[in-house]
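Asks: Return atomic coordinates for the entry below.
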Amino acid sequence: MKYIIAIICSILLPILSLKQNKPKLCVNCKFFIKNREVGLENCKCSFFPIEESNVNFLVTGYKYVDDYYYCLIARQYEGMCGKEGINYEEKPTKKTDLTEKKA
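Replies: As a prediction, this is how the structure comes out:
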């Protein structure tokens, strides 16, 4: 009986240990706004626009979203993305079909 349990554990434990959680990095998120001038540490997240009272809306009827929160701020607060990256969506990958390319 002990051997059967040992065999089952030796089969299941390696399978379960293969599943590793990759961290959700802002750089790989589709909402990440890259700014080459300031570096990756100071980039912004398009999921969280800064909503300030815009006086121009009362005159023109247009709402302008001028700025976004930094990724550092969004990952710091649980009400936003938090450490787990609640609103994370992976960037779509570009698929190139070699048959459609023309030289």
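
Asks: which residue ranges form the strands in the chain?
Replies: 32-33, 44-49, 68-70 (DSSP state E).

Asks: Out of those, which gets nearest to residue 6?
Replies: Taking CB to CB, strand 32-33 is the member of the strands of the chain nearest to residue 6, at 47.0 Å. Placement of C-beta: from N, CA and C, glycine included.

Asks: And the average pLDDT for that closest one is what?
Replies: Averaged over strand 32-33, pLDDT sits at 90.

Asks: I'd like to know which elements it is packed against.
Replies: strand 44-49 (3 or more CB pairs under 8 Å, 6 or more residues apart in numbering; DSSP states H and E).

Asks: What residues sit buried inside the strand it packs on?
Replies: 44-45, 47-48 (16 or more other CB atoms under 10 Å).

Asks: For residue 92, state which of these is nearest.
Replies: Distances from residue 92 to the buried residues of strand 44-49, taken by CB to CB, are shortest for residue 47, at 15.5 Å.

Asks: check contacts around the closest one.
Replies: 31, 74, 81, 87 (CB atoms under 8 Å, 6 or more residues apart in numbering).

Asks: For residue 73, which non-adjacent residue is closest in space?
Replies: residue 80 (7.2 Å; CB to CB, 6 or more residues apart in numbering).
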